[in-house]
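> Let me see the structure of the following:
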Amino acid sequence: MVAFGSFQSICETAALVICPLVESSQGVEPQCYSRNVEISKTLLFQPATSFVHIVAILMTAIMIFHVRSKYTAVGRKEIVTFFYMYALIELLAVFLDSGIIPTASTVYPWFTAVYCGLVAATYCCLLINGFVGFQFAEDGTPLSLWGLRGACLVVFGVTMFVSIATFKNIAGFKYDKPLGLWIIYIIWPLICVVCYVITQLIIVVRTLDDRWPIGDILFGVGFFAVAQIVLFAFSVTICNAVKHYIDGLFFFTLCMLLSVMMVYKYWDSITKEDLEFSVGSKAAVWEVKDPLLTSAAPTTGGYGGFSGRGMDHDGYPDDDASNYQAPGSLVGGVSGAQYYGHGNHGYPPQGGYTN
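Numbering: from 1, shown residues only. I've put the predicted structure just below:
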């Protein structure tokens, strides 16, 4: 049973990175965790989970590439900040979960504090992205971007301070009573996710004709919920059932990756690029279909409204020739026509036009 403000029961079930640093001087050991593997005389913890972390980094890089390619999409710079921060979390988790940074190391508490700060700041980034669609501040402007970065930086700093103070028993914080850290680590993500989902449902219902994006939201919420349930309720059961090869942390990491991918899928489904102002990586190829634009120069007595350019001696348009057509000009008795006189060889004279 999870007790408010206590990591004891949580850490007995799930092997979180903060568990070796809270509740006692030796931390809390989970009842069941995945097997270790030895590579080049180095023990690696959570090998399957570490593999998912690496996959998550690669998938996030792909999502960032696609987001950045939508040059004129609403909230592009704001949402890509969220994916950058998620990638940093996964990169740091590789070193903490696998034991590359040992729990007995003096730097482990500091890296864990950075990890906690990044997690809290990433949820803050997601929360603020939920309000970008309301255009309280125009997206992509310095006000929007620096407001987002400033808020995330403040949350990161506060969380890191609370974390390291709790681990080190300083500034009135104690590792055996980690209430502040518990609120930031457990309650804060739930608040951010709920607010984000509510804001996005309002945007879809009130501004979009298409209701399919609601499916993306529901799938994302579903994956997020499954991740929490598997980690905090069934981790020990899964670990015992598969003989310690994997535990709940593996499925938690995988489901969180899927939920982040649904955030991308949802954002991509509600934004479209303004092709008039977009810049693609491939130049567009235009083919002229109008025969009037590809035919030879008009002959004497052409009809009004047709204009051409002077040609040089090779029969090609002269770049220096004028396209100006004098109003009311008469050629061959027809008003508005522009005519090229012919030289001695039957070609229009260079740069020649008549009014």
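> Tell me the helices and strands packed up against the longest helix along the chain.
In the chain, with assignment by DSSP state H, the single longest helix is helix 142-168. Contact analysis of helix 142-168 by 3 or more Cβ pairs under 8 Å, 6 or more residues apart in numbering; DSSP states H and E lists helix 76-97, helix 108-132, helix 179-182 as its packing neighbours. (Each C-beta comes from the backbone N, C-alpha and C, glycine too.)
> export those helices to JSON lines and tack on mean pLDDT?
Shown next, in JSON lines, are the helices and strands packed on helix 142-168 (pLDDT from 0 to 100):
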{"stretch": "helix 76-97", "mean pLDDT": "94"}
{"stretch": "helix 108-132", "mean pLDDT": "94"}
{"stretch": "helix 179-182", "mean pLDDT": "91"}
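> Residue 43 looks like it's in a helix, true?
No - Residue 43 is assigned strand when assessed by DSSP: H, G, I helix; E, B strand; the rest coil, not a helix.
> quick one, what contacts the closest residue to it other than its chain neighbours?
Spatial nearest neighbour of residue 43, excluding adjacent residues (Cβ to Cβ, 6 or more residues apart in numbering): residue 36 at 5.0 Å. Listed by Cβ atoms under 8 Å, 6 or more residues apart in numbering, the contact set of residue 36 reads 43-45, 47, 99.
> can I get those in JSON lines with distance to residue 63 and neighbour count?
Formatted as JSON lines, the contacts of residue 36 follow (distance: Cβ to Cβ, whole Å; neighbours: other Cβ atoms under 10 Å):
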{"residue": "43", "distance to residue 63": "33", "neighbour count": "12"}
{"residue": "44", "distance to residue 63": "27", "neighbour count": "15"}
{"residue": "45", "distance to residue 63": "28", "neighbour count": "19"}
{"residue": "47", "distance to residue 63": "25", "neighbour count": "17"}
{"residue": "99", "distance to residue 63": "28", "neighbour count": "17"}
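> ok, now which ones touch the residue nearest to residue 174 when sequence neighbours are not counted?
Of all residues beyond its chain neighbours, the one nearest residue 174 is residue 166 (7.0 Å), with distances taken as Cβ to Cβ, 6+ apart. Applying Cβ under 8 Å, 6+ apart to residue 166 gives the contacts 21-22, 173-175, 178, 180-181.
> again with residue 219
262, 265.
> Give the buried residues for the helix or strand encompassing it.
Here residue 219 sits within helix 212-233, counting by DSSP states H and E. For helix 212-233, a neighbour-count test (16 or more other Cβ atoms under 10 Å) marks 213-214, 216-217, 219-221, 223-224, 226-228, 230-232 as buried.
> thought residue 52 was touching residue 255?
No - checked against Cβ atoms under 8 Å, the pair residue 52 and residue 255 is beyond contact range at 9.9 Å.
> Could you check which of the two is surrounded by more residues?
Taking neighbours as other Cβ atoms under 10 Å, residue 52 and residue 255 compare with residue 52 leading, 24 against 21.
> how close does the residue lying closest to the more buried one once chain neighbours are set aside sit to residue 11?
Sequence neighbours aside, residue 253 is the residue nearest to residue 52 in space, at 4.6 Å (criterion: Cβ to Cβ, 6+ apart). Using Cβ to Cβ, to the nearest Å, one gets 17 Å for the distance from residue 253 to residue 11.
> for residue 191, same thing?
In terms of Cβ to Cβ, residue 191 sits 22 Å off from residue 11.
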